[in-house]
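Asker: mind folding the following:
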Amino acid sequence: MSDLDQLFVTLKAFLLGVTPEAWRWLVSPIISVAAIIGTFAGLFALTTILERKGLGRIQNRYGPNRVGPFGILQPVADGLKAMTKEDIVPRAADKIVHFIAPFVLVEIKV
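Answerer: Model (predicted):
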């Protein structure tokens with residue numbers, strides 16, 4: 001496992017090496033956060049596809065197999081679908097509060 005850890009450290013050092021000195025204070029945390037978010041997004045996509053494949057087998061059907069080879073791009077399609085869904089805001093609601101409320105809830109739980 002340490003070889004994989006060292007790979008990420010070496011990659012980050014390389015990326016910071018090609019970044020101008022004045023921007024390194026900003027780029028370093030962005031690289032770290034992007035790596036963490038990418039890892040968890042990948043794990044979420046993997047568990048989603050395994051769950052859907054398992055449920056498909058339990059229900060005696062194929063499961064997600066339409067998007068990409070063996071359905072491996074299904075989480076991408078699901079994510080795009082979720083992002084493009086229409087958000088219906090009630091007329092009497094405060095539009096800014098309606099938009100920001102999920103972010104505040106996530107911030108409070110963390």
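Asker: mind checking the SS state of I30?
Answerer: Recorded secondary structure, I30: helix (DSSP: H, G, I helix; E, B strand; the rest coil).
Asker: the residue nearest the centre of the chain in helix, strand or coil?
Answerer: Nearest residue to the geometric centre of the chain (Cα atoms, centre = their mean): A41, 3.3 Å. Three-state assignment for A41 (three-state DSSP): helix.
Asker: now whichever helix or strand L46 is part of, how far from the centre of its chain.
Answerer: Element membership for L46 (DSSP states H and E) is helix 24-58. Averaging C-alpha positions (Cα atoms, centre = their mean, to the nearest Å) puts helix 24-58 5 Å from its chain's average.
Asker: likewise for stretch 77-93?
Answerer: Computed by Cα atoms, centre = their mean, the chain-centroid distance of stretch 77-93 equals 18 Å.
Asker: how about stretch 15-24?
Answerer: From the chain centre to the centre of stretch 15-24 is a distance of 25 Å (Cα atoms, centre = their mean).
Asker: and the contacts of it?
Answerer: 27-28, 31 (Cβ atoms under 8 Å, 6 or more residues apart in numbering). For glycine as for every other residue, the C-beta is placed from the backbone atoms N, C-alpha and C.
Asker: whichever of the residues you listed end up buried, select them in ChimeraX.
Answerer: In ChimeraX syntax, the buried subset of the contacts of stretch 15-24 is picked out as below (16 or more other Cβ atoms under 10 Å):
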select :31
